[in-house]
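>>> predicted coordinates and the sequence they were generated for:
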Amino acid sequence: MAKTEPVTLEFAESAPYQVNCTVEVATSAANLFEVLKDNRGGEKWLGWIVTKVVPTSDPEHGVGATRKVVWLYGLGGLTETFIGWEEPTLWSFTANTVRPGVFSKFMERVTVEPVSATSCRVHYRAGIDFSSWARPFSGFITGYLGKAIRPALEDMGAIAVANTAAAGHITS
């Protein structure tokens, strides 16, 4: 894996390339965050490209926790360190390594905005800088990420709604 330069939360605002998406979900922010923080369940909502999410630290949650995300059964992936964690409203990581080495800097930030006791708004932002050789492909890559993240966020919301219904309660 190629090393990436770790970044802070502020990079979400200053990154030369950004991917943004907002969805509204019919569950509380707390219920949604339970799905978001389930590392091992990540492949259920992250879509077909993510085939495994493995926590690599103990504890596996909170600022400083680490994990490995595998794409396409090992053809690609990231190692990550969480740089933002405020339940149930902030979840963010910076990439430490990536394969293939298309990114020189990469981070994701998810903020969850409570709308009511039974709904929330999920704001996603990826902050990206590309390796010099990959910059000609930046439009394609950010376009793909932009199209792929909406169904992933919607799936995360659907899992949270189903979990809430199965448990028969709402966490606020």
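Here it is on my side, so go on.

>>> next, residue 35: secondary structure please.
For residue 35, the secondary-structure state derived from DSSP: H, G, I helix; E, B strand; the rest coil is helix.

>>> tell me where the chain has helices.
Using DSSP state H, the helices of the chain run over 11-14, 29-36, 42-45, 138-167.

>>> would you mind finding the most buried of those helices?
Comparing the helices of the chain by mean neighbour count (mean count of other CB atoms under 10 Å), helix 29-36 comes out on top with a mean of 24. The C-beta positions use only the backbone N, C-alpha and C, and glycine is treated the same way.

>>> name the residues that touch the helix or strand of the chain with the lowest mean pLDDT?
Using mean pLDDT, DSSP states H and E, the weakest-scoring helix or strand in the chain turns out to be helix 42-45, at a mean of 82. The list of residues contacting helix 42-45 from outside it, by CB atoms under 8 Å, 6 or more residues apart in numbering, reads 35, 50-53, 69, 152, 155-156, 158-159.

>>> returning to what we had before: and the helices of the chain: which comes nearest residue 3?
helix 11-14 (16.1 Å; CB to CB).

>>> who touches that closest one?
For helix 11-14, the external contacting residues (CB under 8 Å, 6+ apart) are 18, 92, 94, 105, 107, 109, 125, 127.

>>> how distant is it from the center of its chain?
Taking CA atoms, centre = their mean, to the nearest Å, one finds the center of helix 11-14 at 15 Å from the center of the full chain.

>>> can you check stretch 18-30 too?
On the basis of CA atoms, centre = their mean, stretch 18-30 is displaced by 11 Å from the centre of the chain it belongs to.
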